[in-house]
Structure formats: C-alpha cells, structure tokens
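Peer 1: When you get a sec, could you give me coordinates for this:
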Amino acid sequence: MRLDKYLTDLGKGSRSTVKELIKKGRVRVEGVAKAKPETPVDETSVILLDGEQLKYSTYEYYLLNKPAGYVTARTDDRKKVVMELIPSGRTDLSPVGRLDEDTEGVLLITNDGELNHRLVSPKHHVKKTYYAELDADLPENAGEILGQPIEFSDFTSLPAEYEKITARSAYLIITEGKFHQVKRMFHHVGCEVTYLRRDAFGPLTAGDLAVGEARELTEEEVALLKKGHL
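Peer 2: Numbers count the residues shown, from 1 in each chain. Model (predicted):
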C-alpha cells in the first residue's frame with residue numbers, strides 16, 4: 001500500500017495531514033526520511049513517526065466491556081459511541097452487531113468485514129449469553145415459554161436456553177440478535193428488564209475486563225472465531 005494510506009489507516013490524520021508529516025521529514029521508512037506519500041510499504045516495513053515505531057496489522061480485533069450510556073455505532077452527533085472506548089486510531093473499525101444504549105457487556109469491534117458479516121449472519125447461530133434483572137417475579141413456566149419459538153410481529157424467535165437465578169433474575173442464551181430481542185422475550189412472559197448485560201458472545205467473555213475497558217483479542221480467540229467455534 002502507499003505510505004500515506006498506511007498512516008491514514010492508523011489514524012495519524014487525513015490524507016493531506018499525513019502528506020505534510022511526510023514532507024516535513026517526520027516519517028522515516030527503513031531509516032530514510034526522504035520518503036514520498038506514494039512510497040510502497042507493507043506490514044513488515046519499519047516505519048517511524050517522530051521517532052516512534054508504528055505497528056500495522058491488516059485486521060484488528062478488540063473486545064469491549066461496554067458500559068451503559070454508549071451507542072453501538074461508529075459515530076453519532078448527539079451521543080457517546082462505543083468507538084470512543086477503543087484504544088486504536090484506526091478509522092475503519094466497526095462493532096459486530098449491536099447492544100442497546102442501556103445494555104452493558106461483551107461487544108466485539110473489528111475491521112475484518114468478512115468475519116463481521118459471518119458473525120452477525122443468522123445462519124451461523126452465534127450463541128449470546130445475557131444476564132437480566134426484572135421488575136417482577138418470573139412465572140414458573142418461563143423456561144417452557146422461552147424454550148419454544150415465540151412469534152413477534154416482525155420475526156419468530158428460535159428456542160432460547162433459560163436459567164433462572166432468582167425470582168427476578170435469569171440468564172438467557174439466544175442465537176439471533178433482533179432489535180430489543182431479550183427485552184421483548186422477557187416482556188412476553190410478563191416481566192420488564194430493568195438491567196441487561198451480555199456476558200458472552202460465542203467464545204468471548206469479559207473475564208477480568210472492567211466495564212468501559214477494551215483489549216485486543218488474542219490470536220487464539222481470533223482463531224476460534226474464524227474456525228466457527230461459536
């Protein structure tokens with residue numbers, strides 16, 4: 001790729017900004033400061049900006065423990081977005097699926113478009129585990145109802161896995177990701193969700209990751225996702 005695209009992908013500025021950095025000699029390629037914007041580089045090139053070596057990967061993968069109050073989007077004119085919490089300057093990253101603004105928990109962020117598409121595709125049945133707190137006692141037959149297809153106005157849910165924790169809290173595992181799906185399913189059994197957290201997305205869990213923090217996926221985690229261990 002071109003040197004200016006390399007720098008732009010890493011979030012070092014617009015195309016015009018990085019061209020100016022190169023012109024001023026602040027960028028060195030393989031020890032040479034007389035590079036041009038069109039200089040060909042790749043992931044193995046040794047590139048320094050103001051003396052700091054840059055690291056470039058074609059794809060980046062992040063796990064975010066999303067806090068409430070953030071919109072699952074790349075940009076928003078009025079609200080905070082999850083991308084603000086990702087420790088990367090790249091401009092091509094996107095969330096995989098979505099979590100409601102008031103929902104916490106595991107959210108994958110990547111610029112691997114092929115993997116993103118596969119993980120959100122209904123035919124791949126990625127398991128998503130949610131912990132929910134409710135405003136009323138769960139009925140005794142909640143597991144039976146949620147374990148069967150539920151017909152909504154816009155879709156019919158697949159059978160979910162249900163585990164009651166207390167009279168007013170439970171785990172629910174679904175494989176779809178329809179709009180407000182978990183909330184709508186609990187509403188179907190007579191309960192409104194007062195708190196919702198996604199604890200797992202396929203093989204990914206937050207672990208020790210604090211709410212609001214993000215980390216890069218390990219090579220093993222990326223391999224599991226790509227091999228379909230979901």
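
Peer 1: so who does the residue of the chain most remote from its centre touch?
Peer 2: Farthest-out residue of the chain from its mean C-alpha position, per CA atoms, centre = their mean: residue 34, at 38.6 Å. Counting by CB atoms under 8 Å, 6 or more residues apart in numbering, residue 34 makes contact with residue 25. (Each C-beta comes from the backbone N, C-alpha and C, glycine too.)

Peer 1: For it, which phi and psi angles does the backbone take?
Peer 2: In this entry, residue 34 is assigned phi and psi values of phi -100, psi 30 (degrees, to the nearest 10).

Peer 1: Please report the distance of the closest residue to residue 26 other than its chain neighbours from residue 25.
Peer 2: With CB to CB, 6 or more residues apart in numbering as the criterion, residue 26 has its nearest non-adjacent residue at 5.4 Å, and that residue is residue 50. Residue 50 is 10 Å from residue 25, where distance means CB to CB, to the nearest Å.

Peer 1: ok, these two, which is more surrounded?
Peer 2: Set side by side, residue 50 and residue 25 give different neighbour counts by other CB atoms under 10 Å, the larger being at residue 25 (11 against 8).

Peer 1: So the more buried one sits against residue 48, correct?
Peer 2: No. At 11.1 Å, residue 25 and residue 48 do not qualify as touching, with contact defined as CB atoms under 8 Å.

Peer 1: Which residue ranges make up each domain of this protein?
Peer 2: Residue ranges for each domain of the chain read 3-53, 61-122+203-227, 127-201, as given by automatic domain parsing.

Peer 1: Select from these the stretch with the lowest mean pLDDT.
Peer 2: Averaging pLDDT over each of these singles out domain 3-53 as the lowest, with a mean of 90.

Peer 1: If you count neighbours, what's buried in stretch 156-172?
Peer 2: Residues of stretch 156-172 classed as buried by neighbour count (16 or more other CB atoms under 10 Å): 157, 160, 162, 170, 171, 172.

Peer 1: nope, stretch 89-100 is what I was after
Peer 2: Taking 16+ other CB under 10 Å as the basis for neighbour counts, the residues of stretch 89-100 that come out buried are 90, 93, 94, 95, 96, 98, 99, 100.
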